[in-house]
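Colleague: need the 3D shape of this:
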Amino acid sequence: MQYFSQANPINEYVEVKESPIEGMGVFAKKFIPKGTKWWHATKNDVLLLSRAQWEVLNQSYHTKLIDEFIQSMITYSYYSANLDCLILDLDNSRHVNHSDNPNCGGSDESPLESIALRDIYPNEEIFEDYHEMECPWANLYPGVERKAE
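Modeller: Okay, here's the model as predicted:
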């Protein structure tokens, strides 16, 4: 798939720490200039779940473990319209928190990368706008109000 990168620069730019906003968060380890691609998935960094797979999972017998997996998908994955699938980041990027005024976001080139939308300074938390990742067939981010259509 052309979206995958050879190398993921995440560990060069960010680290996970406790967030004053929600649980854990992703924070800049160093200055990240506007336009910098600070995260780009390799094939090993993400789990892709199609709509058909999601429906099979939801219709199957649920154990506590399956319920926890579904909850993890709802909490940590995001939707890509280009791929029509849920993407679960397996690396630390899954801890990026939501903001209506994000400092990072996806690119037009790939649903598997994040770009600094403005200069980001050391120890500043990384935010993305979850509204940009709303899924038409799975209710993600229960704590984030959906934008009006």
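Colleague: okay, now residue 83: neighbour count?
Modeller: As a burial measure, residue 83 scores 15 neighbours (other CB atoms under 10 Å). Every residue, glycine included, has its C-beta placed from N, CA and C.
Colleague: correction: residue 70
Modeller: 15.
Colleague: any stretches of the protein with poor pLDDT?
Modeller: 1-2, 141-149 (pLDDT under 70).
Colleague: rerun that using 90 as the cut-off
Modeller: 1-7, 22, 42-44, 58, 71-72, 74-76, 81-82, 106-111, 130-149 (pLDDT under 90).
Colleague: hey, where'd the strands end up in it?
Modeller: Taking DSSP state E as the criterion, the chain carries its strands at 14-18, 24-28, 37-40, 46-50, 77-80, 85-89, 97-98, 104-105, 113-116, 127-128.
Colleague: so which of these comes closest to residue 5?
Modeller: Nearest of these to residue 5, taken as CB to CB: strand 37-40 at 3.9 Å.
Colleague: contacts for the closest one?
Modeller: Applying CB atoms under 8 Å, 6 or more residues apart in numbering, the contact partners of strand 37-40 are 5, 7-10, 12-14, 32, 91, 93, 104, 107, 110, 112-116, 126.
Colleague: which of those residues fall in helices?
Modeller: Judged by DSSP state H, helices contain the following of these: 10, 12-13.
Colleague: thinking again about what came up before, relative to residue 135, which of the strands of the chain is closest?
Modeller: strand 77-80 (3.5 Å).
Colleague: and the closest one, what does it pack onto?
Modeller: Applying 3 or more CB pairs under 8 Å, 6 or more residues apart in numbering; DSSP states H and E, one finds that strand 77-80 contacts strand 85-89.
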